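**Q** got a predicted structure plus its sequence, pasted below:
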Amino acid sequence: MSSAVAHLPPSELERLRGRTVRTLVGGVALGSTGHIAAITVATIVAKDMTGSASLAGAPAAAVVLGAAIGATVLSWLMSKQGRRPGLVAGYGTGVLGALIAVIAIVQGSFPLLLAGSLLIGFGNSANQLSRYAAADLYPPARRATALSTVVWAATVGAIVGPNIVGPSGEVAIRLGLPQEAGPYLVPIVLVGLAGILSWVRLRPDPYDLADHHGRPEANTGPASPLRSILRRPAVSVAIIALVIGQFVMVLIMTMTPLHMTDHGHDLSAVGIVLSAHIAGMYAFAPISGRLTDRFGSPPVIYGGMAILAVSAVLAAVAPAEDDSVLLVALFLLGFGWNLGYVAGSALLTSGVAIVERTRVQGVADALIWSTAAIASLGSGVLVAAEGYAALGILGAVLVAVPAWFLTVRRGALERMPSTA
C-alpha cells in the first residue's frame, strides 16, 4: 500500500476498494462479452475460410495459446508497472487482435486469422487476472468473496456474447464488411471499453490499495526464487487443483456438442445443455466465494473435485438418446469447476506475499490455459479412439489426483504461517 493511501481513513479506503472491485467487474463483463462473441463463430469462420473441418478448431486453439502467453507476459508487466497498466495492455492487445481478425476475414487470410486469434487471447488473460487484483484488496477472510464476484461477472459475457453474434453480423453488412466479421467487431468495441474503463477508474492502482495482512517482513522484503515459491504447500496444492479441474472440465465439455449432434440432438438441445454448463461455471461463483471464506479453501476444493467426479461419471453413463442426464452432468461439471477455481485461486493468494504474488499467478494461469489447449485437442483424439464415455472415465480418475495431493499436504497447510 502506498504511503498516500496508507493514511486514508478506513471508510475512504473501503470506498476505494469497493469502487475498484466494481470497476474490475465491469471490465470483465465487457471483456468476456466481446471475447465470447468472437470465439462463438471462430470454428465457422475457419471452416469457411479453409474448406476443411480439420482446421476449424485452430483459431480457438490459438486464442487459448494466446491466453497462456498473455498470462505470463501481463503478470510480468503487472509486477513491474502495476495491475492497471497490465490490464489495459491486455485489453488493448485483445482489441488489436480482433482488428487483425476482421482484416483477415476481409482478405481471406487464414494465417492472419490465427495471428489475430492469438492476440485476442491476451484480452481473455486480462479478464482472468482481474480476479487476483480483487483478491489483493482484502484480508484472507474476505478474499474469496471479492475474487468470486469478479469471476461471476463473466456470466454477463456468457449470456450476452452468443446472442449478439446475429445483430453484429447485420451491422457488419451495413458497414460493407463480410457478415462473419461482425462478431469480431464486438470485441473491438467492448474489450476496448474494458480497457478504457480500467485506465480511467483503476486509480489508485489496485496494488496501492492491497491489504498487507500477515507478517510485514513477508510483504516488504525481496521475493523468494520462483522455484522455492512453487514448492510451498498452498501454492503447489492450489496449482494442481486449478490445472486438473480445468483439464477435466475442458476435456468433457469440448466434445459434448459433437457427441449430442452425432446422436440426433438438434442445436437447440445442445444450446440448452451448454447454457446449463455455463451457468454452473459462473452464475454461482459468489456461493463458492462465501463457502471458501467460511470454511477455508481445502474443504471447498474437496467438494469441487467430488462434484467433478460425479459429473464425469454421469457424462460417461448418460444415455445417448436422453439429453436430460447430460444436462445435469454438464451443469455439475461447471459448478464443480467453479468451486475448485475460486477456492484454488484464493488458496494461491494465501500462499504468497504481495511482492511474490503476481509472478506466481501468471505461472498458474499460463498452466491453466496450456492445460485447456491440451485437453481440447486431446478430447477429440480420445473420443475417436475410445468413444465419449472414455472422457468421463478419465475425468473421474484424474480428479483423484488433487484430492490425494491435498490430503497428503493438509498438515503442512495447517502449520503454514500466513504470508498473504
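**A** That came through fine. Residues are numbered from 1 along each chain as shown.

**Q** C-alpha only now, for contacts and for neighbours.
**A** OK.

**Q** quick one: least confident helix or strand in the protein?
**A** helix 216-220 (a mean of 42; mean pLDDT, DSSP states H and E).

**Q** show me what the helix or strand following that helix is packed against.
**A** Next along the chain after helix 216-220, taking DSSP states H and E as the criterion, comes helix 226-230. Taking 3 or more Cα pairs under 8 Å, 6 or more residues apart in numbering; DSSP states H and E as contact, the helices and strands that helix 226-230 lies on are helix 354-386.

**Q** list the helices and strands the helix it packs on packs on?
**A** helix 58-81, helix 110-136, helix 216-220, helix 226-230, helix 233-262, helix 389-398.

**Q** tell me the angle it makes with helix 110-136.
**A** 130 degrees (axes from the mean of the first three to the mean of the last three Cα atoms, to 10 degrees).

**Q** where in the protein is pLDDT low?
**A** By pLDDT under 70, the low-scoring segments of the chain are 1-6, 53-54, 212-223, 267, 415-420.

**Q** let me see the domain layout of it.
**A** 1-211, 216-420 (automatic domain parsing).

**Q** got CSV for those, with mean neighbour count too?
**A** What follows is those, written out as CSV (neighbours: other Cα atoms under 10 Å):
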stretch, mean neighbour count
domain 1-211, 22
domain 216-420, 21
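
**Q** so how far is Val106 from Ala98?
**A** Distance of Ala98 to Val106, given as Cα to Cα, to the nearest Å: 13 Å.

**Q** how about Ile354?
**A** Here Ile354 is placed at a distance of 46 Å from Val106 (Cα to Cα).

**Q** Leu339: which of the helices and strands packed on helix 354-386 is closest?
**A** Evaluated with Cα to Cα, the helices and strands packed on helix 354-386 place helix 233-262 nearest to Leu339, the distance being 9.4 Å.

**Q** could I have whichever strand or helix holds Gly411 exported to CSV, CA atoms only?
**A** Assigned by DSSP H and E, Gly411 belongs to helix 400-415. The C-alpha trace of helix 400-415 is given here as CSV (Å, rounded to 0.1, in the frame of the first residue of the first chain):
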residue,chain,number,x,y,z
ALA,A,400,-8.4,-38.1,-7.5
VAL,A,401,-5.0,-36.5,-8.1
PRO,A,402,-5.7,-33.1,-6.4
ALA,A,403,-7.8,-34.7,-3.7
TRP,A,404,-4.9,-37.1,-2.9
PHE,A,405,-2.3,-34.3,-3.0
LEU,A,406,-4.4,-32.1,-0.8
THR,A,407,-4.8,-34.9,1.7
VAL,A,408,-1.0,-35.5,1.8
ARG,A,409,-0.2,-31.8,2.3
ARG,A,410,-3.1,-30.9,4.6
GLY,A,411,-0.9,-31.0,7.7
ALA,A,412,1.7,-28.7,6.1
LEU,A,413,-1.1,-26.3,5.0
GLU,A,414,-2.4,-26.1,8.6
ARG,A,415,1.1,-25.5,10.0
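
**Q** list the contacts of it.
**A** Identification of contacts with helix 400-415 by Cα atoms under 8 Å, 6 or more residues apart in numbering yields 233-234, 237, 240-241, 244, 298, 301-302, 305.
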